[in-house]
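Colleague: No sequence on hand, only this structure:
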């Protein structure tokens, strides 16, 4: 079936051009742009792919919320995220993929202020743009997380497994993917995926544009 074609008038083109010009003007502001460039890139890609309709309520109610306290020191990602399945490991990690190493091992860990990290379950297969749109409805909600927050959750999970000798969880799911969003060493926003496998975590990373499967636990921050 042929794709629908539209008649674009001169007035339409003028309006669209003005809006593009206004977007570019805001992105070029010397004191910083009020527009999130990651959202702009994703929105434009979705328009180009004709997948820009936003589904409402694609996330469940909050299923986890925890305070992440400020850390007053820098730490290397490559020194914390280490493959180690031993019983006494601070965090049990089975595999760290080449994608995660490539995009995050050059980073220093944050010394950011304390914040709340929350999790909600994804109901439908969705694009990151749709997920971000819903997260940003919450006051202070931001999808830009921190690797320190991810590591804190992994530490809590490890302590629970050791103390209770079972599968008690501190926010992380062992049945489905745990999805976080963070900036890579090249300042590109990417997905970080934690998957539990037998005795440890698989730590992976994918481009922001890739769709996320239903049942995944979506983590984000509440700041301010």
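Modeller: Sure thing, it's come through. Given the structure is predicted, the values throughout are model-derived calculations rather than measurements.

Colleague: Skipping adjacent residues, who's closest to the residue nearest the centre of the chain in space?
Modeller: Compute the mean C-alpha point of the chain, and by C-alpha atoms, centre = their mean the closest residue is residue 181, 1.9 Å away. For residue 181, ignoring the flanking residues on the chain, the nearest one in space by C-beta to C-beta, 6 or more residues apart in numbering is residue 143 at 4.5 Å. From N, CA and C alone the C-beta is placed, and that goes for glycine too.

Colleague: Which secondary structure element of this protein has the lowest mean pLDDT?
Modeller: Taking mean pLDDT, DSSP states H and E as the measure, the helices and strands of the chain show their lowest mean at helix 147-164, namely a mean of 70.

Colleague: Centre of the chain to the following helix or strand past that one, how far?
Modeller: Stepping forward along the backbone from helix 147-164, the first helix or strand reached (DSSP states H and E) is strand 178-183. On the basis of C-alpha atoms, centre = their mean, to the nearest Å, strand 178-183 is displaced by 3 Å from the centre of the chain it belongs to.

Colleague: who does strand 178-183 pair up with?
Modeller: Taking DSSP bridges as the criterion, strand 178-183 sits next to strand 189-197 (antiparallel), strand 217-222 (parallel) in its sheet.

Colleague: mind giving me the domain ranges of this protein?
Modeller: The domain map for the chain lists 10-49, 59-222, with the assignment taken from automatic domain parsing.

Colleague: which of those domains sits most buried?
Modeller: The highest average neighbour count among the domains of the chain, using mean count of other C-beta atoms under 10 Å, belongs to domain 59-222 at a mean of 17.

Colleague: roughly how far out does it sit from the chain middle?
Modeller: The chain centre lies 8 Å from the centre of domain 59-222; the measure is C-alpha atoms, centre = their mean.
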